[in-house]
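1. Sequence isn't available, so here's the structure alone:
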């Protein structure tokens with residue numbers, strides 16, 4: 001599958017196997033984004049940030065993880081009730097939402113803010 005529509009960090013995609021997706025001109029912004037494993041109720045992912053850390057998260061169906069970063073650090077916050085808020089000092093905010101998982105295929109929405 002071609003994930004070029006995700007360049008810029010905004011897209012909705014169907015993923016059924018591990019894949020690495022280029023979101024930007026890394027290392028100045030977020031990405032690459034990697035789907036590591038699709039489970040029955042969650043998706044294991046990794047986001048690489050400019051400061052060098054790779055942040056791992058397991059996102060449950062219906063939840064959103066916000067990956068935050070700056071030149072020195074990064075972190076991920078997951079919420080199943082609302083979009084995670086901005087964090088002062090972090091200039092990257094990449095949202096990943098697991099919209100649904102059916103038959104081993106996950107529908108993900110990516111949004112760059």
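-> Thanks, I have it. No experiment lies behind these values; they were computed from the predicted model shown.
2. Spatially central residue for the protein, please.
-> Central residue of the chain (C-alpha atoms, centre = their mean): residue 96, 4.0 Å from the mean position.
3. Quick check: pLDDT value at that residue.
-> Looking at residue 96, its pLDDT reads 96.
4. ok, now residue 27?
-> Reported pLDDT for residue 27: 61.
5. In its sheet, which strands sit next to the lengthiest strand in the chain, and in what direction?
-> In the chain, taking DSSP state E as the definition, the longest strand is strand 92-102. As defined by DSSP bridges, the strand partners of strand 92-102 come to strand 64-69 (antiparallel), strand 105-112 (antiparallel).
6. Enumerate the beta-bridge partners assigned to the residue lying closest to the residue nearest to the centre of the chain once chain neighbours are set aside.
-> Computed as C-beta to C-beta, 6 or more residues apart in numbering, the closest residue to residue 96 that is not its neighbour in sequence is residue 65, at 5.2 Å. Yep, even glycine has a C-beta here, placed from its N, CA and C like the rest. Beta-bridge pairing for residue 65 (DSSP bridges): residue 78, residue 96.
7. Tell me, how many residues neighbour residue 65?
-> Using other C-beta atoms under 10 Å, the number of residues around residue 65 comes to 22.
8. just residue 69 next, same as before
-> Close neighbours of residue 69, defined as other C-beta under 10 Å, add up to 25.
9. Quickly note the distance from it to residue 18.
-> 22 Å (C-beta to C-beta, to the nearest Å).
10. Tell me which residues of stretch 103-113 come out buried.
-> 106-108, 110-112 (16 or more other C-beta atoms under 10 Å).
11. now, among those residues, which is nearest to residue 92?
-> residue 112 (8.2 Å; C-beta to C-beta).
12. For that closest one, which non-adjacent residue is spatially closest?
-> For residue 112, ignoring the flanking residues on the chain, the nearest one in space by C-beta to C-beta, 6+ apart is residue 9 at 2.8 Å.
13. Verify the contact between the one you found and residue 111 for me.
-> Yes. Residue 9 is within contact range of residue 111, at 6.9 Å (criterion: C-beta atoms under 8 Å).
14. so what's in contact with these two at the same time?
-> Counting by C-beta atoms under 8 Å, 6 or more residues apart in numbering, the shared contacts of residue 9 and residue 111 are residue 94.
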